[in-house]
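[1] I need the structure of the sequence given here:
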Amino acid sequence: MPITSHVDRSKDLTTFKLTGVLSFDMAYPVIKAFYAGDPTRHVLWDLTETTDVQLTSEEVFDLVRFKPRYEGKRAPGKTAFVAQKDVLFGLSRMFEIQSSIQDAPYAIMVFRSLYEAYQWLCE
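    Down below sits the predicted model:
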């Protein structure tokens, strides 16, 4: 399965791990289901095993625009992306910047290491 998830209720954290090719058609239903359920305050997107990206800039913006529709459904928290490959890091940074412009109700940061992301999420 390209996206797996794990919920740690003690940390109020959902971790999504992506393997293989990242595409809009794969990510969008996962994000939609997350917000339709009982979303945790904190989210970690682990892109360390993602092999390729098939996302356009417009699709990244569509994902950014999707989140504010569920404002209030998720308590204020943090979202971290971990991307070691430059293209994934760049797309994640684009998401971070656009979310800031759209006034996302939670902090978003992009990291190159899982350790740094966990440290930030748990502080």
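
[2] And the contacts of the helix or strand harbouring residue 119?
    If you go by DSSP states H and E, residue 119 is part of helix 114-122. For helix 114-122, contacts defined as C-beta atoms under 8 Å, 6 or more residues apart in numbering pick out 11, 13, 42, 44, 46, 48, 78, 80, 81, 82, 109, 111. For the C-beta atoms, the positions are set from N, CA and C on the backbone; glycine is no exception.

[3] what's across from the residue sitting nearest the centre point of the chain in the sheet?
    Central residue check for the chain by C-alpha atoms, centre = their mean: the C-alpha nearest the mean position is that of residue 45, 4.5 Å away. When bridges are called by DSSP bridges, residue 45 pairs up with residue 16, residue 81.

[4] residues in contact with it?
    Neighbour list for residue 45: 16, 18, 79, 80, 81, 82, 92 [criterion: C-beta under 8 Å, 6+ apart].

[5] In JSON lines, list those residues along with neighbour count and pLDDT.
    Below are the contacts of residue 45 laid out as JSON lines (neighbours: other C-beta atoms under 10 Å; pLDDT from 0 to 100):
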{"residue": "16", "neighbour count": "18", "pLDDT": "96"}
{"residue": "18", "neighbour count": "23", "pLDDT": "94"}
{"residue": "79", "neighbour count": "23", "pLDDT": "91"}
{"residue": "80", "neighbour count": "25", "pLDDT": "95"}
{"residue": "81", "neighbour count": "22", "pLDDT": "93"}
{"residue": "82", "neighbour count": "24", "pLDDT": "95"}
{"residue": "92", "neighbour count": "21", "pLDDT": "85"}
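
[6] Dump these to CSV, plus distance to residue 52.
    Conversion of those to CSV gives the following (distance: C-beta to C-beta, whole Å):
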residue, distance to residue 52
16, 17
18, 11
79, 22
80, 22
81, 16
82, 17
92, 15
